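Student: Please find the sequence and the predicted model below.
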Amino acid sequence: MIRQLADEAATISLAQAVYGALPPDYSGWTILLSGELGAGKSTFARAFIRAAGHGGSVPSPTYTLVEPYDLPGGPIYHVDLYRISTEDELRYLGWSELDGGLRMVEWPQRAPGLTDEADLTIKLSYAGEARSAEILGLSKRGSGLIQKIN
Ligand SMILES: Nc1ncnc2c1ncn2[C@@H]1O[C@H](COP(=O)(O)OP(=O)(O)OP(=O)(O)O)[C@@H](O)[C@H]1O
Ligand SMILES: [Mg+2]
C-alpha cells in the first residue's frame, strides 16, 4: 500500500491511523521505519508514541539506541539502529528483552535479519517537497493491519 503524504500533518495522521489499527495489546509487535535523512521517520515515531498516550517529548534514540515509554497499552521501545554496524550488536542492546513491548525501529537496514521477525515496514521517501509512504505487511497480522487502514 502506498500513501501520498502532502505535508507533515499527513505523516502524523498516518502514524495515528497505524496506531489505531493495532490491537489493544500490542506487545510483541515490531514496526520498521525506514527512509533517508529527513524523510519523516522521527515525525512518524513521535506521532505514533503520542497517539499511544505519551504526553511529553520524544527524544531521538540515536545515541541511547533505545528510548522506552511506559504506556497504557504496554511498553513501546523506540529504537534507532543508525549507529550499529553489525547485527551482533543487537544482542548488546538487549533486543530480545524488548519483546514484552512494541518495537518501533528506525534504520532497520542496519540489521537485515529483522525483517524475519517484524510485522510491518513503513518506507518513507521524498516526493518533491512532500513525502510518500509504502507500507508492507511482513507477518500475517501485519498484513491484516494494512487492510484496516485502507
Ligand atoms: N509528509 C511530509 N511532507 C513534507 N515534510 C514533511 C512530511 N513529513 C515530515 N516532514 C518534515 O520533514 C522534516 C524531517 O522530518 P524528520 O525529522 O521526521 O525526518 P527523519 O527521517 O527522522 O530524519 P533524520 O534521519 O535526519 O533523523 C521535518 O521538518 C518534518 O516536518
Ligand atoms: Mg530522525
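Tutor: It's in. Ligands and ions are numbered 1, 2, ... in the order given.
Student: Any idea which residue of this protein lies closest to ligand 2?
Tutor: Using Cβ to the ion, the single residue of the chain nearest to ligand 2 is residue 42, 3.2 Å away. From N, CA and C alone the C-beta is placed, and that goes for glycine too.
Student: In contact with residue 110, which residues?
Tutor: Contacts for residue 110 (Cβ atoms under 8 Å, 6 or more residues apart in numbering) come out as 81-82, 84-85, 87.
Student: Run through the strands of this protein in chain order.
Tutor: Ranges of strands within the chain are 2-5, 30-34, 66-71, 74-80, 102-106, 120-127, 130-137, based on DSSP state E.
Student: Run through the neighbouring helices and strands of the shortest one.
Tutor: The one in question is strand 2-5. For strand 2-5, the packing partners by 3 or more Cβ pairs under 8 Å, 6 or more residues apart in numbering; DSSP states H and E come out as helix 8-21, strand 120-127, strand 130-137.
Student: now the ones you listed in CSV, with distance to residue 92?
Tutor: As requested, those are exported to CSV (distance: least, Cβ to Cβ, whole Å):
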stretch, distance to residue 92
helix 8-21, 29
strand 120-127, 24
strand 130-137, 28
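Student: about what we covered before: can you tell me which of the strands of the chain is packed in deepest?
Tutor: Most buried of the strands of the chain, by mean neighbour count (mean count of other Cβ atoms under 10 Å): strand 102-106, with a mean of 25.
Student: which neighbours does it have in its sheet, and in what orientation?
Tutor: Strands that pair with strand 102-106, judged by DSSP bridges, come out as strand 30-34 (parallel), strand 74-80 (parallel).
Student: can you redo those strands as CSV with mean pLDDT and distance to ligand 1?
Tutor: Shown next, in CSV, are the strands paired with strand 102-106 (pLDDT from 0 to 100; distance: least, Cβ to the nearest ligand atom, whole Å):
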stretch, mean pLDDT, distance to ligand 1
strand 30-34, 97, 8
strand 74-80, 96, 8
